[in-house]
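Asks: what follows is a protein structure lacking sequence information:
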């Protein structure tokens, strides 16, 4: 079977690709795990050093660049019926606030093209969509959000994610595809450079000091948020793909499990796990733009349904930081 | 100022037009009620006997036909900054289940064109969108739904309405326009012929017997639903237009007040109000397609917020039936 990862050039997309190559199989139209022979990573652009096509055992990994907001481009990606799509491509939250039209083009139009591309194939190919807890927000948001909480997002990014959740439910109800939306909390620890997500600092608070660099935080130490490590997130996307459709009922959107921690908790975990490593200095310089976006986020998420579906959860923040050190600092697979 | 009613050729659109002509004024960009000089009724088609343009005092009523899913068509309707739009045009629930692509084209694409057309004008023109209680549904739907209930619609119609509510919140948050969504319950009593809405029988149960015609109901007598009369609905759309934006907060969607009644209640009210009139016979012949759609509807709606905002509510089902007899049977304005 073929697997397409949109946003396959990004951090989560790349880790997901590695996990699928290692796994080699995925639930296919037969209702059984089938060998993956083609893994297509689609993104706006790929790293210049990434090869266009490479063979990994009996599996071919292809990298294709293009605009997901262009329908014909998306249709060419989904060219066989024995296919699954992980739809991760997205304009991130901060960038979406700065460029409304780009957020609508990439997230809403692009998402619709992915749904239509799958609908054109016979059967009900599986789709896993990376939604976000940014679907929650607003003055009526409860202290703990969950799968039955009304979605009143306060960013264009969150609005487009909420719309895709609705559309995926309807395309699944109509039998056009078999879709699932995974609502992601903030994912840490992202390696590399800060990005345009308003939550970028949540990885930075670990990454920069571990690299010996100073880090200035744009929010206060008491700021709380739900987060999860990238290993559990990638495992969660795959686990949600494998869940039998009847277990999902008529709402195919599931909040992935998460840990609720404060910025102060993050700094404490970093110091515990870093041990004797020399850490860069951490300072606070609140940024009203970032603070206003964070203030609107959900502080805590219930995860009973996700855990009942077998979706994984990290044991602790310390564990998440240890994985990052193992994967990216101590000679891991960067 | 100019007022545009999309779906202006339909029943609610026509009644709203009459109410605006009678009123003659509406809250304009000055923050005060301003005289309406242009009232544009847009629809896929108008009644053949309706004039293309007519003068009513100092107000010109124009009727324009076209496809709301065509962006340029919609842009030509919104051609001055002192404008308000009532966006009522929609594929109805039953028709949307039969033609998914048409529902997406008219309801989703058409709705987005209306939002973009208003965004192109300077200032924040007001928009009132006719949403629907069809945004609610699914296995997790509570017994009573309201403005903070999660929207998990089970029809494509309901999905497109929920999406427009989300987009209108975001366009309003961004300052592109000043939008409001009115979530309509089933509206009775619609004169004329049955339409493709799954709820069409709810008007038919009054209209057909009052016309001396027999009526066969596609659902059981115990079927309960929230409904409201057309006079209160039209008054509610205008009242919601007039509400000060700060009273709406960050969720611009409001469920209009409604009465929860059963089909048996409807028949009892009809018999009480009809008095000595000869009524057609009422029979039951359940239709699984209609029943399955109705089974997914909300049974009861809270309306505290709507009433606090000053939106009107009929006193009783009997009152609603009396209005219909007065307006359409006893020589009223058909």
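Replies: Okay, I see it. None of these values were measured; they are calculated from a predicted model.
Asks: let me see the contact set for the closest residue to residue A:265 other than its chain neighbours.
Replies: Distance criterion C-beta to C-beta, 6 or more residues apart in numbering or on different chains; nearest residue to residue A:265, sequence neighbours excluded, is residue A:317 at 6.3 Å. Where you see a C-beta, it was placed from the backbone N, CA and C, and this is true even at glycine. Counting by C-beta atoms under 8 Å, 6 or more residues apart in numbering or on different chains, residue A:317 touches A:259, A:261, A:265, A:266, A:269.
Asks: for chain A, which residues are neighbours of chain B?
Replies: Within reach of chain B by C-beta under 8 Å from any C-beta of the partner chain, chain A has these residues: A:100, A:137-140, A:147-154, A:156, A:159, A:162-163, A:166-167, A:169-170, A:173-174, A:249-251.
Asks: ok, the spatially most central residue of chain A to residue A:118 distance?
Replies: In chain A, the residue lying closest to the centroid (C-alpha atoms, centre = their mean) is residue A:130, at 4.9 Å. Between residue A:130 and residue A:118 the distance is 16 Å, computed by C-beta to C-beta, to the nearest Å.
Asks: out of the contacts of residue A:317, which are buried?
Replies: A:259, A:261, A:266, A:269 (16 or more other C-beta atoms under 10 Å in any protein chain shown).
Asks: helices - which of the residues you listed land there?
Replies: A:266, A:269 (DSSP state H).
Asks: from the buried ones among the contacts of residue A:317, pick the one nearest chain B.
Replies: For the buried ones among the contacts of residue A:317, the minimum distance to chain B (C-beta to the nearest C-beta) is 23.8 Å, reached by residue A:259.
Asks: hmm, the closest one is touching residue A:319, no?
Replies: No - Residue A:259 is beyond contact range of residue A:319, at 9.7 Å (criterion: C-beta atoms under 8 Å).
Asks: next, format the buried ones among the contacts of residue A:317 as TSV and append pLDDT.
Replies: Converted to TSV, these look like this (pLDDT from 0 to 100):
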residue	pLDDT
A:259	97
A:261	96
A:266	97
A:269	97
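Asks: would you turn the buried ones among the contacts of residue A:317 into JSON lines with distance to residue B:288?
Replies: Putting the buried ones among the contacts of residue A:317 into JSON lines (distance: C-beta to C-beta, whole Å) gives the following:
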{"residue": "A:259", "distance to residue B:288": "47"}
{"residue": "A:261", "distance to residue B:288": "51"}
{"residue": "A:266", "distance to residue B:288": "55"}
{"residue": "A:269", "distance to residue B:288": "57"}
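Asks: I'd like the distance between residue A:207 and chain B.
Replies: Counting by C-beta to the nearest C-beta, to the nearest Å, the separation of residue A:207 from chain B is 32 Å.
Asks: run the chain-centre distance for whichever helix in chain A runs longest.
Replies: Counting residues, the longest helix found in chain A (DSSP H) is helix A:156-173. Chain-centre distance of helix A:156-173: 15 Å, with C-alpha atoms, centre = their mean, to the nearest Å.
Asks: next one: phi and psi at residue A:50?
Replies: When read as degrees, to the nearest 10, the backbone of residue A:50 gives phi -80, psi 140.
Asks: need the nearest residue in space to it, chain neighbours excluded.
Replies: residue A:63 (5.5 Å).
Asks: is the closest residue to chain B within the stretch 201-334 of chain A part of a helix or strand, or is it coil?
Replies: Closest to chain B within the stretch 201-334 of chain A is residue A:250: 4.6 Å, counting by C-beta to the nearest C-beta. Per DSSP: H, G, I helix; E, B strand; the rest coil, the secondary structure class of residue A:250 is coil.
Asks: distance of the residue nearest to it when sequence neighbours are not counted relative to residue A:303?
Replies: Closest residue to residue A:250 apart from its sequence neighbours, by C-beta to C-beta, 6+ apart: residue B:138 at 4.6 Å. Separation of residue B:138 from residue A:303 (C-beta to C-beta) stands at 20 Å.
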